[in-house]
Structures are given as C-alpha cells and as structure tokens.
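Participant: sequence isn't available, so here's the structure alone:
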C-alpha cells in the first residue's frame, strides 16, 4: 500500500482491550469515509481481535498453555478499565446498542468493505502457536513488522496499546 497519498493511516493495535479495538475501528472508518487508505496491523494482545472463538494453540507445552490462558477472541474482549468481572463490558455493549454504535466485528466488516487492509502479525501467531486457520475471515494477510513498516512509510501511524 505504500504510496505518496497524504491521507494514509496505519493503525498498530497492540492491546486486546475492547475500547482500544473500538477506537481503532472509529479512526479507520473516519479515515476511509474521508477518502483515506487504512492499514490495520494486529500484534500481541491486539491479535485477539482477529482470533476465532475456540482457536487452539499448537506447538510446545508453553505455547498451548499460553493460548489456553489467553482465551479472548473476535467476539469477546474485556474492557481495559472498569471491566468489573464483565459487568462493565455488558453495560458498554448496552449503551452502544442504545446509541446504535456498531461492535468491533461489525465495524471491521464495514472497514473492509470500504477498503481497509487487515494484517495479523506473523511473529505473534508463531509465538502463540496459532496459524491462519485460527483467524477470522476479515484478515487479508499474515505478515511481519517489516511489512507493516513498509505500509507505514509516509503514512500517519497511530498506536493503540
């Protein structure tokens, strides 16, 4: 995607907190609606936004254990603050429904339909013992940091972590 267009945004999603994923989608959709180009790169806990429910880690005992402990997925993230055992998340979801604010996955589908590029970090996948079959269909590619840096060259970079 690297070109000289002044309205390119690359968003680095490091956190799996629900509110950070929603912020990434809000920024993506705003940029796309104004004619911009968007690349979303999900790494470390941010990769949870792209995991299928029930994705299982493979590999060493530590990788499998790590994946089992880290069970968040594309349909269920916790709030970073005010989670309160899930009560905060439920309240936020109710407010979003009342205000007609789309959830993360619906927003991601909208962003994809508008041309956003979605990348899952290859290094994080490998560390967690996951592969392409562990990811939701909205992922365009699996790539490393070098690919993200190439896309980010000349773009506005936003980090949500």
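Facilitator: Good, I have the coordinates. Bear in mind the structure is a predicted one, so any value in this text is a computation, not a measurement.

Participant: where does this structure dip in pLDDT?
Facilitator: Scanning the chain for pLDDT under 70 picks out 1-6, 73-74, 79, 83.

Participant: quick one, longest helix in it?
Facilitator: Ranked by residue count under DSSP state H, the longest helix found in the chain is helix 18-33.

Participant: partners of the following helix or strand past it in the sheet?
Facilitator: On the C-terminal side of helix 18-33, the closest following helix or strand by DSSP states H and E is strand 37-42. Applying DSSP bridges, strand 37-42 is found paired with strand 8-13 (parallel), strand 117-121 (parallel).

Participant: so how many other residues sit close to the closest residue to residue 95 other than its chain neighbours?
Facilitator: In space, and not counting its chain neighbours, residue 95 is closest to residue 101: 7.8 Å by Cβ to Cβ, 6 or more residues apart in numbering. Every C-beta, even on glycine, is put in place using the N, C-alpha and C of the backbone. By the measure other Cβ atoms under 10 Å, the count of residues near residue 101 is 15.

Participant: for residue 101, helix, strand, or coil?
Facilitator: With DSSP: H, G, I helix; E, B strand; the rest coil as the basis, residue 101 sits in coil.

Participant: any idea how far residue 25 is from it?
Facilitator: The gap separating residue 101 from residue 25 is 10 Å, by Cβ to Cβ, to the nearest Å.

Participant: what of residue 7?
Facilitator: Residue 7 is 18 Å from residue 25, by Cβ to Cβ.

Participant: higher neighbour count, these two?
Facilitator: residue 25 (26 against 13).

Participant: the more buried one - nearest residue in space that isn't next to it in sequence?
Facilitator: Going by Cβ to Cβ, 6+ apart, residue 25 has residue 107 as its nearest residue, at 3.6 Å.

Participant: that neighbour contacts residue 27, correct?
Facilitator: No - Residue 107 lies out of contact with residue 27 (Cβ atoms under 8 Å); the separation is 10.5 Å.

Participant: can you lay out the strands paired with strand 37-42 as TSV showing distance to residue 87 and mean neighbour count?
Facilitator: As requested, the strands paired with strand 37-42 are exported to TSV (distance: least, Cβ to Cβ, whole Å; neighbours: other Cβ atoms under 10 Å):
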stretch	distance to residue 87	mean neighbour count
strand 8-13	25	24
strand 117-121	30	23
